[in-house]
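S.K.: Sequence first, predicted model second:
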Amino acid sequence: MDPHAPLTGGSRALRVGIGGPVGSGKTALVAALCRALGAQLRLAVVTNDIYTTEDADFLLRNGVLPAERIRAVETGCCPHTAIRDDISANLDAVEDLESSLGPLDLVLLESGGDNLTATFSKGLIDQQIFVVDVSGGDKVPRKGGPGVTTADLLVINKTDLAPLVGADLSVMDRDARARRGDLPTVFLSLAEDRGATPVADWIRGLVAARAAG
């Protein structure tokens, strides 16, 4: 059996992978989504760090979910390996959550910080969110890479910093459209929108469509 074969449907939880470069705001986005969705959906989270449980610890310190709904994977290797190549540790974490908590609506899987080439195995997730931020300037979307060009949702984060770094959001929007075609892109400032409204709404739509199907 191919562990990377696309996931089938059924009654299992929707799995959404969240990747992106170091410092782009992945963990802050996960925390925001937990705050926005935790009371509405049966939700759990799997985090990935190379040698620590830092991202899971951040979620626990901020109390966004009960501890039993969070699992930390220490990859001990490049984040690509654990989310794209050898996905067994992440699969084990998801299965452990489902076994201990019962039926879930949504599992968020956060990658360790990586670069623009980070993608998830389709044997691990149903949909991928890729997070970049404006701190590198407005050239980031036109650099492309599989994360930018193929993610089901691109999040351009920290828009409140654009004036400070001289980033033109209209240029980022234009370049993202050129790279992504019809795939959606949202602009976000978690400093101004602590519930990550456009991302939470996108996920709600996925969960509703899955339930209807």
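M.R.: Looks like it arrived, so ask away.
S.K.: From now on I want contacts and neighbour counts done on CA atoms only, so please keep to that.
M.R.: OK.
S.K.: And the lowest mean pLDDT element among the helices and strands of the chain?
M.R.: Sorting the helices and strands of the chain by mean pLDDT, DSSP states H and E puts helix 79-80 at the bottom, at a mean of 74.
S.K.: chain center to it, what's the gap?
M.R.: 14 Å (Cα atoms, centre = their mean, to the nearest Å).
S.K.: again with stretch 180-191
M.R.: The answer for stretch 180-191 is 13 Å, by Cα atoms, centre = their mean.
S.K.: Now do residue 186 against residue 10, distance only.
M.R.: As judged by Cα to Cα, to the nearest Å, residue 186 and residue 10 stand 29 Å apart.
S.K.: Could you report the neighbour count for residue 209?
M.R.: Neighbours of residue 209 under the rule other Cα atoms under 10 Å: 10.
S.K.: so where does it fall, helix or strand?
M.R.: Using DSSP states H and E, residue 209 maps to helix 197-212.
S.K.: likewise residue 46?
M.R.: With DSSP H and E as criterion, residue 46 is part of strand 43-49.
S.K.: buried sites along that strand?
M.R.: Of all the residues in strand 43-49, those buried under the rule 16 or more other Cα atoms under 10 Å are 43, 44, 45, 46, 47, 48, 49.
S.K.: Can you give me every residue that contacts the nearest residue to residue 52 once chain neighbours are set aside?
M.R.: Leaving aside its sequence neighbours, residue 52 sits nearest to residue 74 (Cα to Cα, 6 or more residues apart in numbering; 6.1 Å). By Cα atoms under 8 Å, 6 or more residues apart in numbering, the contact set of residue 74 is 48, 49, 50, 51, 52, 53.
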